[in-house]
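Q: Sharing a sequence plus its predicted fold:
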Amino acid sequence: MALKSSPALLGMLSRISQRAFSTSRALTSKPVTVRDALNQAIDEEMERDDKVFVLGEEVAQYDGAYKVTRGLWKKYGDRRVIDTPITEIGFAGIAVGAAFAGLKPVCEFMTFNFSMQAIDHIINSAAKTFYMSAGGVPVPIVFRGPNGAASGVAAQHSQCFAAWYSHCPGLKVIMPYSSEDAKGLLKAAIRDPDPVVFLEDEIMYGVQFPMSDEALSSDFVLPIGKAKIEREGRHITVVCAGRATDTALQAANELAGKGIECEVINLRSIRPLDFDTIASSIARTHHLITVEQGWPQSGIGAEICARVMESPVFFELDAPVWRVTGADVPMPYARSLEALALPRPNDVVSAVASVLSNRIAGEASN
Amino acid sequence: MMARALRNGVTFLRFNARRSTRLFSTHTRPEIENGIRIAEFPGAKAPYVTELNVLNEKTYDPIPIYRVLDKNGNVLISSEEPNIDKDTLLNMYKTMIQLYQMDKILYESQRQGRISFYMTNYGEEGIHVGSAAALSPEDLVFAQYRETGVLLYRGMTVTELVNQCYGNHEDSGKGRHMPVHYGSKQHNIVTISSPLATQMPQAVGAAYAYKRQPANERCVICYFGEGAASEGDAFAALNFAATLECPVILFCRNNGYAISTPSSEQYRGDGIASRGPALGLQTIRVDGTDALAVYNAVRRARELALQNKPVLIEAMAYRVGHHSTSDDSTAYRPAEEINKWTTEESPINKLRLYLERKGIWDAESDKAFAKEARNSVVRSMQEAERKQKPHWKEMFEDVYYDMPPSLQKQMKQMEEHLKKYNEKYPMNQFQPE
């Protein structure tokens, strides 16, 4: 972590923290970072259920590469917080086997980029064993860790896996945005009897969000499969998840100054996807764009477009849907190009402007 | 790779503080044993030498193969003869025969197009019954796909196994898996997973769950082939079994072939067993054609495993049959080679001769039981073919613990569709509600 905290990253973090404060609604409650919210969630669930345990690389004495598991090893010891050798295929398999035998593992990938080594265990074993055992062997497991682009770590460490994992029936895929999301959804994921892929964001770890007393209590659990309307608006629906929610909210702020009111929907859960919330919003705004950090082809935005086309809400649209996505390229290492390869608030602003003026431009939206 | 570098950085930073104190203490009190200085690296405590040695697979003697019986079923050293009661011995032998008969008939049924796939167990029957008899029925089994004898020995019936192969409504797997991918919660057998070697780290994980239980009396056995041992999963499993100190027996069936690839092309060291000591595992190499030797090996391994000392067993055998019904092995190996293993080194013959010598079995009972075993398979097969398929609603179940609304909706649509067009579908082939 220390190695990754370049001045540029710290600058970005402080910028996002300021933004987060300015866009959030309830300012009365206590500010908590996403990292601490995740830590609280794991701690409370470990406290609540002895079957819950954490395993992964550097999760114990080192407190996690990104300090999400801080203090857990001290509190729960070697039996429940396990540092593993550097073998994703190994510890993902260990976690799946432990879930077969009745435990509830929280399996940390140092980043989801490394989960590719273990994807067979996630797809072929975790996602399918309940079905293949005819309902005999449930696999209550959470695979979690930072997903998507961080900053300056180039093509092999900057990808979003939301579309990859949400492709597979049997898995649930969650992508939190705020501290409240992080805590309430991670607790729900740990309690869920199905395997859950929990996609966090390295940049968001240090960002503070206000958390209400309710959200801070140990009973706070959010439902999986329900989106959250982060901001109400009547002109256009903007669907996003994870860090893209921050991008969308910034754009919405800017557009509000121009008299355009965006309804920003934070999906929270990619699978199951809360299409009802999207559809009823479209019925009010008659316009839709999607914002995500992943690539355009076969992405989350593509899925939402397809579902709109296949449903009666298609007839509510006054203009074609646009997707704002990560650029369709391996992530450039050059800082200037990297910034351009991810959706920026300005890209969202121009996409909204284009859709509202029903301009179907020849150029792609980033 | 960037991340690896980052991780090394992380680890390095963590160890740096500790290492400096360690280096300091080593510096002031150098460890000397018999006049040779022992290095105190965190990664190895070993003597320093001034001669440069290069090691290879011939530096060490090959790991010897433990056996109890010779090829005529004689006990080689009486002290090694296991004390197994008559009923258990007969059960072991009968399971071998039952398995052999089932393999013959189901293999043929695949050739006739009655089932889509099958895998025989010929030549490895001794491994199955020897290991199964040495375990407790409570021990959890992670099988690969060629351990059907273990399942039979545990008490799964021919009918249950045949129902799985036919995927009818009495298949406890609801007809969702390829044939021979059995599983039984009741018998502590985890449903077989098709991707090779995934069961290995999973078995270690399950063993870890057992280890956490107070006064644990259960261990996990994980079977795999010497070909599967080349998968990354296998290394991960062996290493994690050692580092997590799990009650697990990792049982390699080295049958000489991975589909068509001979073991000489699979690895260059001394088989799979040599990897055990290298990773800090208790290790045994045993003659897999000798059911009694396998029994002794697994019994000892189980004792060790329950002390949280994980064990690697390599049972040497020969895959007499083809890999699966998708394979014709005469294309890559001579018939004479196969003959040797079906006659003088046959696990079934060895145990039969031993039982006959003990006076608890004879040619007549052998003939009668083979017939009975054959008939029970034929009967099960004829019945399995006539049984209905699972209820159509089953295809929506068990994707998630609670059926999501999207699937509920689809199921309802199908229900309405079937109400309307009932006569267009062969509804009588499916279980009614």
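A: Cool, got the structure.

Q: nearest spatial neighbour of B:R319, skipping sequence neighbours?
A: Distance criterion C-beta to C-beta, 6 or more residues apart in numbering or on different chains; nearest residue to B:R319, sequence neighbours excluded, is B:N255 at 3.8 Å. Glycine gets a C-beta too; all of them are placed from N, C-alpha and C.

Q: Just give me the neighbour total for that neighbour.
A: 26 (other C-beta atoms under 10 Å in any protein chain shown).

Q: what residues are up against it?
A: B:123-124, B:146, B:225-226, B:288, B:317-319 (C-beta atoms under 8 Å, 6 or more residues apart in numbering or on different chains).

Q: show me where the chain has strands.
A: Using chain A here. Assigned by DSSP state E, chain A shows strands spanning A:30-33, A:52-56, A:81-83, A:104-108, A:142-146, A:172-174, A:196-200, A:208-211, A:228-231, A:236-240, A:262-266, A:269-271, A:288-291, A:322-324.

Q: Can you look at chain B instead?
A: Under DSSP E, chain B gives strands at B:32-33, B:36-37, B:140-142, B:189-190, B:220-225, B:248-254, B:257-258, B:261-262, B:282-287, B:311-316.

Q: tell me the contacts of the spatially most central residue of chain B?
A: The residue lying closest to the centre of chain B (C-alpha atoms, centre = their mean) is B:Y223, at 1.7 Å. The contact partners of B:Y223, taken as C-beta under 8 Å, 6+ apart, are B:141-144, B:146-147, B:150, B:251-253.

Q: and which of these is nearest to chain A?
A: Of all the contacts of B:Y223, chain A sits closest to B:F142, with 7.8 Å by C-beta to the nearest C-beta.

Q: Show me what that closest one is bridged to.
A: B:V190, B:C222 (DSSP bridges).

Q: hmm, who's touching stretch B:139-146?
A: By C-beta under 8 Å, 6+ apart, stretch B:139-146 touches A:97, A:101, B:119, B:121, B:124, B:135, B:147, B:150-151, B:154, B:180-182, B:187-190, B:192, B:194, B:196, B:199-200, B:202-203, B:206-207, B:210, B:218-225, B:228, B:253, B:255, B:302, B:319.

Q: From those residues, keep the buried residues only.
A: Buried by 16 or more other C-beta atoms under 10 Å in any protein chain shown: A:97, A:101, B:119, B:121, B:124, B:135, B:147, B:150-151, B:154, B:180-182, B:187-190, B:192, B:196, B:199-200, B:202-203, B:206-207, B:210, B:218-225, B:228, B:253, B:255, B:302, B:319, out of the contacts of stretch B:139-146.

Q: Give me the subset of those residues lying in helices.
A: Secondary structure defined by DSSP state H assigns A:97, B:150-151, B:154, B:199-200, B:202-203, B:206-207, B:210, B:302 of the buried ones among the contacts of stretch B:139-146 to helices.

Q: Could you dump those into a markdown table with pLDDT added?
A: Listed next are those as a markdown table, based on pLDDT from 0 to 100:
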| residue | pLDDT |
| --- | --- |
| A:G97 | 97 |
| B:V150 | 98 |
| B:L151 | 98 |
| B:R154 | 97 |
| B:Q199 | 95 |
| B:M200 | 97 |
| B:Q202 | 97 |
| B:A203 | 98 |
| B:A206 | 97 |
| B:A207 | 98 |
| B:Y210 | 97 |
| B:R302 | 98 |
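
Q: for chain A, what are the low-confidence residue spans?
A: A:1-28, A:359-366 (pLDDT under 70).

Q: so where do the helices sit in chain A?
A: Counting by DSSP H, the helices of chain A are A:7-23, A:34-48, A:72-76, A:88-100, A:119-120, A:129-132, A:162-166, A:179-191, A:213-216, A:243-256, A:275-285, A:300-309, A:335-341, A:345-356.

Q: The second one to helix A:179-191, inter-axis angle?
A: In this case it means helix A:34-48. Angle between the axes of helix A:34-48 and helix A:179-191 is 30 degrees (criterion: axes from the mean of the first three to the mean of the last three C-alpha atoms, to 10 degrees).

Q: So helix A:34-48, near chain B or not?
A: No. With C-beta under 8 Å from any C-beta of the partner chain as the criterion, chain B is not reached by helix A:34-48; the gap is at least 13.5 Å.

Q: That helix: which residues count as buried?
A: A:34-46.

Q: Closest residue of the stretch 201-350 of chain A to chain B?
A: A:P272 (5.4 Å).

Q: Grab the nearest non-local neighbour of that residue.
A: Distances taken as C-beta to C-beta, 6+ apart put A:G225 closest to A:P272, at 3.9 Å, once the chain neighbours are dropped.

Q: give me phi/psi at the one you found?
A: phi 100, psi 10 (degrees, to the nearest 10).
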